[in-house]
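Enquirer: Predicted coordinates and the sequence they were generated for:
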Amino acid sequence: MGEITKIAVAPPIQVGGSLFTPEQFATIGAALGTNVKIEMTPFKQLYLEVHLDQQELITAQLERSGLEVYPAGFVTKSLIACNFCKGAEEAGLEVAQRLNQSIAGIETPMPLKIGYAGCALGTSEPLLKDISVVKMRNTYEVFVGGEPKGLKTSIAQSLVSGLTEDQLVPVVTTLINYYKANAKGKEKFKKFIDRVTLEQLQQHVAGL
Ligand code: SF4
């Protein structure tokens, strides 16, 4: 038996939310075979166990069926987006897809969850994510520091508002890079923000 690894699988960011097709589930089942674990994570990804020597082949099969495949573990998770119930344009589907492409799967000191809500109703619970984006009519607001786990929970705080579409990806990727460069060991993102302060982070992304 070869070495086992995990890959993360998610459907594309789309209107309707995390929608799988029956064909995609059939592809997953056929590609994995029997006696392997499929885990439903709390961040809208399936974790699949695969043999290391079959990882590339299985990844290609899953991608051909329209699924997206990401690394598992200490990385930024794929964007945890809402259902875009207000429609693709009004809820900013294209921007969310672009954001996902830019941020998913980056190695980080601790796993990072990045959320997206297409309006201020925030039904995807954006303020419980490490970083989140909320579309406010024609601009975007970025929040940081949501922590729903444990007994010391916290709600994310506003970092910057009034961002244009073009400013959004640079701001979020700058936050990720800053965390990667300055975290102390396996420091959680919320603790990191408390240490470096929200004000310093605001200065760091100002002018982007
Ligand atoms: S956040 Fe707004 S646009 Fe997105 S699903 Fe919820 S209500 Fe709809």
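Expert: Done, it's in. Numbering: from 1, shown residues only.

Enquirer: What residues does the chain have near the ligand?
Expert: 82-86, 91, 117-119, 121-124 (CB under 6 Å from any ligand atom). No exception for glycine: its C-beta is placed from N, CA and C like everyone else's.

Enquirer: And the contacts of the longest helix anywhere in the chain?
Expert: Longest helix in the chain by number of residues (criterion: DSSP state H): helix 165-182. Applying CB atoms under 8 Å, 6 or more residues apart in numbering, the contact partners of helix 165-182 are 76, 92, 95, 98-99, 102-103, 106-109, 112, 114, 131, 133, 140, 142, 144, 159-160, 163, 189, 192, 196, 201, 204-205, 208.

Enquirer: And the residues of the chain next to the ligand, which of them are buried?
Expert: Cys82, Asn83, Phe84, Lys86, Ala91, Ala117, Gly118, Cys119, Gly122, Ser124 (16 or more other CB atoms under 10 Å).

Enquirer: With respect to Pro22, which of the residues you listed is nearest?
Expert: Asn83 (19.8 Å; CB to CB).

Enquirer: quick one, what contacts that closest one?
Expert: Taking CB under 8 Å, 6+ apart, we find Asn83 in contact with Val15, Gly16, Gly17, Thr123, Ser124.

Enquirer: The closest residue to Thr153 other than its chain neighbours: neighbour count?
Expert: Distances taken as CB to CB, 6 or more residues apart in numbering place Glu147 nearest to Thr153, at 5.8 Å, with adjacent residues excluded. Other residues lying near Glu147 total 19 when counted by other CB atoms under 10 Å.

Enquirer: beta partners of Glu147?
Expert: Beta-bridge partners for Glu147, by DSSP bridges, are Ser154.

Enquirer: Which of the contacts of helix 165-182 fall within strands?
Expert: Ile114, Ile131, Val133, Tyr140, Val142, Val144, Leu159, Val160, Leu163 (DSSP state E).

Enquirer: Going by distance to the ligand, which of these wins?
Expert: Distance to the ligand, by CB to the nearest ligand atom, is smallest for Val133 among these, at 10.8 Å.

Enquirer: Surely the closest one touches Leu99?
Expert: Yes. Using CB atoms under 8 Å, Val133 is in contact with Leu99, at 6.7 Å.

Enquirer: ok so, going back, which of the ones in strands among the contacts of helix 165-182 are buried?
Expert: Listed as buried from these are Ile114, Ile131, Val133, Tyr140, Val142, Val144, Leu159, Val160, Leu163; burial here means 16+ other CB under 10 Å.

Enquirer: Count the residues that sit near Pro126.
Expert: Each residue near Pro126 was counted by other CB under 10 Å, and the total is 24.

Enquirer: got a list of what it touches?
Expert: Contact analysis of Pro126 by CB under 8 Å, 6+ apart lists Gly115, Tyr116, Ala117, Ser132, Val133, Val134, Phe143, Gly146, Ala156.

Enquirer: Out of the residues you listed, the closest to the ligand would be?
Expert: So of the contacts of Pro126, ranked by how close each gets to the ligand (CB to the nearest ligand atom), first place is Ala117, at 3.9 Å.
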